[in-house]
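# my questions concern the predicted model and sequence given below.
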Amino acid sequence: MADSAQAQKLVYLVTGGCGFLGEHVVRMLLQREPRLGELRVFDLHLGPWLEELKTGSVRVTAIQGDVTQAHEVAAAVAGAHVVIHTAGLVDVFGRASPKTIHEVNVQGTQNVIEACVQTGTRFLVYTSSMEVVGPNTKGHPFYRGNEDTPYEAVHRHPYPCSKALAEWLVLEANGRKVCGGLPLVTCALRPTGIYGEGHQIMRDFYRQGLRLGGRLFRAIPASVEHGRVYVGNVAWMHVLAARELERRAALMGGQVYFCYDGSPYKSYEDFNMEFLGPCGLRLVGARPLVPYWLLVFLAALNVLLQWLLRPLLLYAPLLNPYTLAVANTTFTVSTDKAQRHFGYEPMFSWEDSRTRTILWVQAMEGSAQ
Ligand SMILES: NC(=O)C1=CN([C@@H]2O[C@H](COP(=O)(O)OP(=O)(O)OC[C@H]3O[C@@H](n4cnc5c(N)ncnc54)[C@H](O)[C@@H]3O)[C@@H](O)[C@H]2O)C=CC1
Ligand SMILES: CC(C)[C@@H](O)CC[C@@H](C)[C@H]1CC[C@H]2[C@@H]3[C@H](O)CC4=CC(=O)CC[C@]4(C)[C@H]3CC[C@]12C
């Protein structure tokens with residue numbers, strides 16, 4: 001790639017560029033990547049907001065496509081210097097079949113890798129997930145662990161299984177010769193629970209609270225910590241990793257990095273209340289209001305209802321056996337590997353991340369009235 005910001009303008013491709021994280025990556029690249037000449041945004045569903053980006057000096061190319069279709073991926077990748085692959089089916093609520101989750105997350109990633117090899121694109125940053133590690137099916141806590149912490153990564157759910165396999169494919173591809181004879185350089189970033197403007201699950205919690213008269217009812221003990229990271233910092237880490245991947249190929253190639261920032265360690269529900277509280281919601285109960293066995297029963301009932309109703313409608317509530325187990329298992333990270341390897345420092349402080357997220361919920365509140 002370029003040896004100076006002015007020497008050569010680069011072509012970036014962001015898959016899933018219209019998603020929650022993808023949109024922030026697209027906007028961060030336009031704001032913070034001086035070498036950018038063309039930005040290709042590849043997604044199954046293109047957002048109307050893309051049009052507003054086409055007025056700047058960088059050429060923004062919207063590509064409606066499906067990562068499960070190898071020829072569509074190859075056409076989008078051809079000529080790109082860097083691929084940031086965020087596209088994925090983020091489903092732990094039973095909306096999509098295990099087959100579809102695998103096709104998108106695994107086969108789709110394989111298609112991206114093969115397209116890089118066939119067309120000569122040398123740098124690939126993959127959006128992996130904390131779920132590649134855990135929580136595992138045994139409910140073992142992962143307490144402020146890092147990329148080297150020993151942990152039995154055992155999964156049964158289609159989503160974590162697909163992310164783990166896709167990550168493995170990306171890391172295995174590091175060093176493969178691409179068209180032109182030079183090596184492919186890959187790395188994988190593992191966000192914990194991402195929050196911020198555009199987070200659909202936060203939106204779901206907020207609307208659930210409005211329906212319940214401004215109240216949410218605690219289901220998870222406050223002592224169960226769950227790692228969270230602000231979407232703007234995750235986007236920044238992607239941009240920085242993509243920029244440094246050439247210069248630090250020997251160090252970064254084939255590596256995984258947890259995404260982290262200064263967001264506090266709290267339970268999933270208490271963390272959400274950092275944003276929903278200032279928007280008028282209240283979390284009822286200093287401890288779970290119902291016994292765990294009743295939550296397990298209700299989660300199982302939701303699975304039965306989802307199965308019975310499927311011919312009529314998609315019933316996909318937040319509570320199911322998987323989400324209950326994950327929420328009830330401590331999983332937090334404490335690491336500086338990204339800082340040590342490519343100089344990452346969070347761009348947004350916790351206070352700034354919190355304010356931005358609150359303002360987003362409040363704007364949504366306006367739309368909810
Ligand atoms: N949301 C979170 O808390 C976390 C997300 N991640 C990962 O970050 C990435 C982005 O996740 P989110 O932004 O939360 O999800 P999202 O659902 O908002 O965005 C995913 C994007 O991928 C696109 N997409 C889905 N299937 C596609 C296909 N077949 N072809 C082309 N595009 C397709 C969707 O249209 C969407 O725009 C995913 O890979 C996910 O596994 C990792 C850790 C945490
Ligand atoms: C209903 C209650 C039990 C409630 O507390 C359930 C919360 C539950 C919906 C979330 C708790 C933990 C979340 C997951 C976690 O942040 C890790 C993730 C990583 C990803 O790559 C995708 C999203 C997710 C699986 C995330 C999904 C929502 C939770 C299970």
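Great, that's in hand. Ligands and ions are numbered 1, 2, ... in the order given.
# which residue ranges of the protein form strands?
10-15, 36-43, 59-64, 82-85, 123-127, 142-145, 185-191, 193-195, 215-217, 228-230, 255-259, 282-284, 331-333 (DSSP state E).
# among those strands, which is nearest ligand 2?
strand 193-195 (2.7 Å; Cβ to the nearest ligand atom). For the C-beta atoms, the positions are set from N, CA and C on the backbone; glycine is no exception.
# for the closest one, which strands pair with it and how are they oriented?
strand 228-230 (parallel) (DSSP bridges).
# which residues does the strand it pairs with contact?
191-196, 259-261, 263, 266, 268, 271, 346, 348, 350, 353, 356-357 (Cβ atoms under 8 Å, 6 or more residues apart in numbering).
# reformat the strands of the chain as JSON lines; add mean neighbour count and mean pLDDT.
Shown next, in JSON lines, are those (neighbours: other Cβ atoms under 10 Å; pLDDT from 0 to 100):
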{"stretch": "strand 10-15", "mean neighbour count": "26", "mean pLDDT": "98"}
{"stretch": "strand 36-43", "mean neighbour count": "23", "mean pLDDT": "98"}
{"stretch": "strand 59-64", "mean neighbour count": "16", "mean pLDDT": "97"}
{"stretch": "strand 82-85", "mean neighbour count": "28", "mean pLDDT": "98"}
{"stretch": "strand 123-127", "mean neighbour count": "29", "mean pLDDT": "98"}
{"stretch": "strand 142-145", "mean neighbour count": "18", "mean pLDDT": "98"}
{"stretch": "strand 185-191", "mean neighbour count": "26", "mean pLDDT": "98"}
{"stretch": "strand 193-195", "mean neighbour count": "23", "mean pLDDT": "98"}
{"stretch": "strand 215-217", "mean neighbour count": "16", "mean pLDDT": "96"}
{"stretch": "strand 228-230", "mean neighbour count": "25", "mean pLDDT": "98"}
{"stretch": "strand 255-259", "mean neighbour count": "23", "mean pLDDT": "98"}
{"stretch": "strand 282-284", "mean neighbour count": "15", "mean pLDDT": "97"}
{"stretch": "strand 331-333", "mean neighbour count": "23", "mean pLDDT": "98"}
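# now those strands in CSV, with distance to ligand 1?
As requested, those are exported to CSV (distance: least, Cβ to the nearest ligand atom, whole Å):
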stretch, distance to ligand 1
strand 10-15, 6
strand 36-43, 5
strand 59-64, 9
strand 82-85, 8
strand 123-127, 4
strand 142-145, 14
strand 185-191, 4
strand 193-195, 4
strand 215-217, 19
strand 228-230, 8
strand 255-259, 8
strand 282-284, 20
strand 331-333, 11
